[in-house]
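*Asks:* this one's sequence-less:
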């Protein structure tokens, strides 16, 4: 094993309104290419993907009333120096839910988008999660592991 190898476990939260729109933030973090991104981040030790998603959504947007959180799939970046795995969590909110700009050093705005009109460019992990949600193939060098329904 390579001593410099590391693992990164992340979560991408698809926050969905009753009209089907999904929340994305414009990520303009110093040293990175600006892009649109789902709320999310690193999964802390001892957290489930759902718990991490709820925490990250609250920290980044102030939205705390999430319903029916569930893990849809696991995505993996196969072209990274680190082992990168992201849990795709879907969460529902009321139609009037609005996101606040709580991390202006990372995001410049939050907007709701119809699934057929998603912006570009997308953060790679968000692109993989959203592709799975829309029934599309993942981006190059990403693999998606859909969760089987529980019988």
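*Replies:* Noted; the coordinates are in hand. Please read these numbers as outputs of a predicted model, since none were measured by experiment.

*Asks:* how deep is the closest residue to residue 71 other than its chain neighbours tucked in, by neighbour count?
*Replies:* Distances taken as Cβ to Cβ, 6 or more residues apart in numbering put residue 49 closest to residue 71, at 5.0 Å, once the chain neighbours are dropped. (Glycine included, C-beta is placed from N, CA and C.) If you count neighbours by other Cβ atoms under 10 Å, residue 49 ends up with 23.

*Asks:* for residue 51, same thing?
*Replies:* Neighbour tally, residue 51, other Cβ under 10 Å: 15.

*Asks:* before we move on, what about the one 4 residues further on?
*Replies:* Burial of residue 55 is recorded as 17 neighbouring residues (other Cβ under 10 Å).

*Asks:* quick check: it touching residue 46?
*Replies:* No: using Cβ atoms under 8 Å, residue 55 is not in contact with residue 46, being 11.6 Å away.

*Asks:* which helix or strand lies directly C-terminal to the longest helix seen in the chain?
*Replies:* Counting by DSSP state H, the longest helix found in the chain is helix 49-61. As assigned by DSSP states H and E, the chain's next helix or strand after helix 49-61 is strand 67-77.

*Asks:* what distance separates that following strand from the centre of its chain?
*Replies:* 9 Å (Cα atoms, centre = their mean, to the nearest Å).

*Asks:* so, low pLDDT: which residues of this structure?
*Replies:* In the predicted model of the chain, residues 1-5, 148-151 satisfy pLDDT under 70.

*Asks:* which parts of it are helices?
*Replies:* 49-61, 124-133.

*Asks:* so which residues make contact with the last one?
*Replies:* Residues from elsewhere that reach helix 124-133, judged by Cβ atoms under 8 Å, 6 or more residues apart in numbering: 10, 12, 14, 22, 24, 35-38, 40, 72-73, 75, 77, 84, 86, 88, 90, 115, 118, 122, 137-139, 142, 144, 146.
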